[in-house]
Each structure stands twice: as C-alpha cells, then as structure tokens.
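Enquirer: Model the following, please.
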Amino acid sequence: PGGSKNYGAAVSMADSASAIKTWVRLNRWRYELITPRMWQKVMLPNCPPGHTKEYAKSAVVRLWPNEDWREGQRCKKPHEGIVDAALIAEFARRSGI
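Expert: Down below sits the predicted model:
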C-alpha cells in the first residue's frame, strides 16, 4: 500500500492488506494484483500524466451515465475511491481476470 501521508497510516494499510491476502489464501481464492498503471492504461487511454482523476470521472460517466458516483446525498463531487473501484472492476471484467 502506498500513498499514505504518515508512518502510522502506512503501517495500518500494510496490516490490512496482509490480513486480506491471508484470508484470500486460506480460502484458496484466486487473486490478481492490478496496479494503477495496468488499469489506467486500458481504461484511461491517452490520459496525460497528472490528469487521471478527471479522466476517471469522465470515463465512469460515459460508461454508466445513470449512476450516482457521490458517496452520499449531501456530497457534491464523485467519490474518487468509488470511481476508481468501478474502473478497476471493469478492467478486470474486460481482461478476463
């Protein structure tokens, strides 16, 4: 896990990721590591560096025009995590992962 702003958050994310990986392995489920570069190359073609968030928002609106991408009714902007999760899932579906 990367992108954390402090040491404590990084440790917490690493612990959570390890717990999830262990649970998946114990259940003998298959998993694939999908990096941002992998899914963004397919789902956000021709996206210039530094513009992935706005391109991602445009992509989900184009793919699912009737979906509400906000986290809640009072939110004004689409939730970046929900937007990315939808695009990662669509990447996996298209890739047969």
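Enquirer: what's the single longest helix in the chain?
Expert: helix 7-26 (DSSP state H).
Enquirer: Whichever helix or strand comes after that helix packs against which elements?
Expert: Next in sequence after helix 7-26, counting helices and strands by DSSP states H and E, comes helix 36-43. Counting contacts by 3 or more CB pairs under 8 Å, 6 or more residues apart in numbering; DSSP states H and E, helix 36-43 is packed against helix 52-63, helix 80-95. (Glycine included, C-beta is placed from N, CA and C.)
Enquirer: Same list, those helices, but as CSV with mean neighbour count please.
Expert: Below are the helices and strands packed on helix 36-43 laid out as CSV (neighbours: other CB atoms under 10 Å):
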stretch, mean neighbour count
helix 52-63, 16
helix 80-95, 15
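Enquirer: so can I have TSV of the ones you listed showing distance to residue 42 and mean pLDDT?
Expert: Listed next are these as TSV, based on distance: least, CB to CB, whole Å; pLDDT from 0 to 100:
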stretch	distance to residue 42	mean pLDDT
helix 52-63	10	96
helix 80-95	6	95
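Enquirer: Among those, which comes closest to residue 34?
Expert: helix 80-95 (6.0 Å; CB to CB).
Enquirer: before we move on, back to that, could the helices and strands packed on helix 36-43 go into TSV alongside distance to residue 44?
Expert: Formatted as TSV, the helices and strands packed on helix 36-43 follow (distance: least, CB to CB, whole Å):
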stretch	distance to residue 44
helix 52-63	4
helix 80-95	8
